[in-house]
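In: Below are the sequence and a predicted model; questions follow.
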Amino acid sequence: MSHKSAKDFFRPLAVGAPAPLREIPARPSRAIHFFDPSNEKMAAKIPDMVGTVDVLLGNLEDAVKADNKVAAREGLVRIAQATDFGPTQLWTRINSLDSPWVLDDLTTLVPAIGEKLDVIMVPKVQEPADIHYVDRILAQLEAKAGITKPILIHAILETARGVANVEEICGASPRMQGLSLGPADLAADRKMKTTRVGGGHPGYLVREDAPRGEDGLPDLDAKRAIFQQDLWHYTIAKMVDACATHGIYPYYGPFGDIKDTVACEDQFRNAFLLGCVGTWSLHPVQIKIANRVFSPSVEDIAHARRVVAAMGDGTGAVMIDGKMEDDASLKQCLVLVELAEKLAEIDPDLKATYDAIETPEA
Ligand SMILES: CCC(=O)SCCNC(=O)CCNC(=O)[C@H](O)C(C)(C)COP(=O)(O)OP(=O)(O)OC[C@H]1O[C@@H](n2cnc3c(N)ncnc32)[C@H](O)[C@@H]1OP(=O)(O)O
Ligand SMILES: O=CC(=O)O
Ligand SMILES: [Mg+2]
């Protein structure tokens, strides 16, 4: 198998295409808000959502009816051309690479709105070759249209083969911005016996041990606590490691039980704690949840700043509130402090909240 040399990796794949980025910018993307550009009611709301959400994503794939694929593509072009997105990123999710629509998605969107599109989300990515295909065609289209900044690629991890190849997918192109978990398609592809869009399942549980009777046998009538488990723990952890290895960003995906805002928040928080930087929002109600969960809490920032102040040059060990802190816990605190600083740059309410936290002298 032949490999590109390291220096070729950062050369454009078409003459005249913009030079690939060497670092993927850490732009806030707590919520990637999905809308169907062929749905007039939804589309009408998009201009007013600018500035209230980190990413607006015009979805062309699943959830858009086959008869509306062209209307969705054209609707996205119209919205993008008419809207000033300010600090909000514009992404799209194109149709899958084996669909009859994807080629027209790419050849329409890049010339028409390529300068405004930050990221293209590619569904059902199976292997690095899928990324290579999109990488090359984007370079050709960017060169032809005179696009000045490279459009980035985000892959959805939603097939068993994609999960098996996740590290190679992350490293397949300097355009790779990140990965999202696609729990609905992944469950189907793996033949999991669920019927949901993300979240847990009451049947996937651990049960407390049964008390034993004098005969030493388990008392099957005793009331025992059960703990529902996270179906997605393994895949999210694997995705986070692959993304961190390649300097790109991991995201949770869809949570379909729109009305269960509590369980949605739990699922998002699990992903945040494991290392994800954001999630999808399918309905306006999920934007607030995502913004809250994927922004470090006041308590975390207050604690993190105390550790930073107490650790001086960053080496050695100190005690704070009965706990040992050292170089490694300082690094964790810095992850939170740096994230808070990035978010404060684009979110004035959050900036005011973080500014109000009493910070000890360093
Ligand atoms: C499963 C794997 C995947 O691929 S997930 C990603 C693909 N799915 C999607 O993108 C779904 C996007 N969301 C939706 O289609 C809708 O939110 C669904 C879930 C169908 C609910 O819609 P609906 O029953 O109209 O909700 P609602 O009555 O509470 O809506 C209130 C008003 O808000 C609007 N709204 C709804 N969703 C969005 C949205 N995503 N972006 C912008 N606006 C949205 C509705 O149109 C409705 O507007 P109005 O008050 O009637 O003017
Ligand atoms: O596209 C997302 C999924 O869960 O499938
Ligand atoms: Mg899917």
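Out: Noted; the coordinates are in hand. Predicted, not measured: the structure shown is a model, and the values here were computed from it. Ligands and ions are numbered 1, 2, ... in the order given.

In: Show me the helices in this structure, by range?
Out: 6-9, 40-49, 69-82, 102-113, 128-145, 160-164, 166-170, 183-190, 233-246, 261-274, 284-293, 298-310, 327-346, 348-355 (DSSP state H).

In: okay if I get the ones you listed as a markdown table plus mean neighbour count, distance to ligand 3 and mean pLDDT?
Out: Quick note: C-beta positions are derived from backbone N, CA and C, even for glycine. Converted to a markdown table, these look like this (neighbours: other CB atoms under 10 Å; distance: least, CB to the ion, whole Å; pLDDT from 0 to 100):
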| stretch | mean neighbour count | distance to ligand 3 | mean pLDDT |
| --- | --- | --- | --- |
| helix 6-9 | 9 | 29 | 86 |
| helix 40-49 | 14 | 19 | 97 |
| helix 69-82 | 18 | 16 | 98 |
| helix 102-113 | 18 | 14 | 98 |
| helix 128-145 | 18 | 14 | 98 |
| helix 160-164 | 17 | 11 | 98 |
| helix 166-170 | 21 | 15 | 98 |
| helix 183-190 | 19 | 4 | 98 |
| helix 233-246 | 18 | 14 | 98 |
| helix 261-274 | 18 | 16 | 98 |
| helix 284-293 | 19 | 17 | 98 |
| helix 298-310 | 17 | 32 | 97 |
| helix 327-346 | 16 | 28 | 96 |
| helix 348-355 | 14 | 31 | 96 |
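
In: Of all those, which one is nearest ligand 2?
Out: helix 183-190 (3.3 Å; CB to the nearest ligand atom).

In: Could you list the contact residues of the stretch 251-362 of the chain toward ligand 2?
Out: Selection of the stretch 251-362 of the chain residues close to ligand 2 by CB under 6 Å from any ligand atom yields 253-254.

In: Alongside ligand 1, which residues does the stretch 251-362 of the chain contribute?
Out: Checking the stretch 251-362 of the chain against ligand 1 by CB under 6 Å from any ligand atom, the hits are 254, 256, 258, 282-284.

In: cool, the stretch 51-200 of the chain as well?
Out: 59, 62-63, 184, 197.

In: quick one on the thing from earlier: in terms of distance to Ala112, which of the residues of the stretch 251-362 of the chain next to ligand 1 ranks first?
Out: Leu282 (25.7 Å; CB to CB).

In: I figured that closest one hits Phe255, correct?
Out: Yes: between Leu282 and Phe255 there is a contact under CB atoms under 8 Å: 7.3 Å.

In: of these two, who's got more company?
Out: Phe255 (28 against 21; other CB atoms under 10 Å).

In: Run through the residues that contact that one.
Out: By CB atoms under 8 Å, 6 or more residues apart in numbering, the contact list for Phe255 reads 197-199, 263-264, 267-268, 279-280, 282, 286.

In: quick one, phi/psi of it?
Out: Phi and psi for Phe255, reported as degrees, to the nearest 10, are phi -120, psi 110.

In: What distance do you get for it to Gly199?
Out: 6 Å (CB to CB, to the nearest Å).

In: Next: Asp260.
Out: Taking CB to CB as the measure, Asp260 falls 8 Å from Gly199.

In: Walk me through the domains of this protein.
Out: Following the assignment in the TED database, the chain carries domains at 6-201+228-294, 299-356.

In: Do me a favour and get the end-to-end distance for the longest one?
Out: Distance between the boundary residues of domain 6-201+228-294 (CA to CA, to the nearest Å) amounts to 34 Å.

In: picking that back up, out of the contacts of Phe255, which two are the most distant from each other?
Out: Maximum pairwise distance in those, criterion CB to CB, is 15.1 Å, between Ala263 and Trp280.

In: Please name the nearest non-neighbouring residue to Ala145.
Out: Distances taken as CB to CB, 6 or more residues apart in numbering put Pro111 closest to Ala145, at 4.3 Å, once the chain neighbours are dropped.

In: Please report the distance of Trp128 from Gln140.
Out: Careful, residue 128 is Pro; it's not Trp. Taking CB to CB, one finds Pro128 at 19 Å from Gln140.

In: Ile287 too?
Out: On the measure of CB to CB, Ile287 and Gln140 end up 35 Å apart.

In: Contact residues of the stretch 101-250 of the chain facing ligand 2?
Out: Checking the stretch 101-250 of the chain against ligand 2 by CB under 6 Å from any ligand atom, the hits are 123, 156, 158, 182-185.

In: Could you identify the most distant pair in these?
Out: Counting by CB to CB, the most remote pair of those is Pro123 and Pro183, 13.0 Å apart.

In: any shared contact partners between those two?
Out: Common contact partners of Pro123 and Pro183 (CB under 8 Å, 6+ apart): Glu158.

In: what residue is smack in the middle of this structure?
Out: Tyr251 (2.3 Å; CA atoms, centre = their mean).

In: so can I have TSV of the domains of the chain showing distance to Pro211?
Out: Formatted as TSV, those follow (distance: least, CB to CB, whole Å):
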stretch	distance to Pro211
domain 6-201+228-294	22
domain 299-356	35
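
In: ok, back up a step: among the residues of the stretch 51-200 of the chain next to ligand 1, the buried ones, what's the PyMOL command?
Out: Buried residues among these (16 or more other CB atoms under 10 Å), as a PyMOL selection:
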select buried, resi 59+184+197
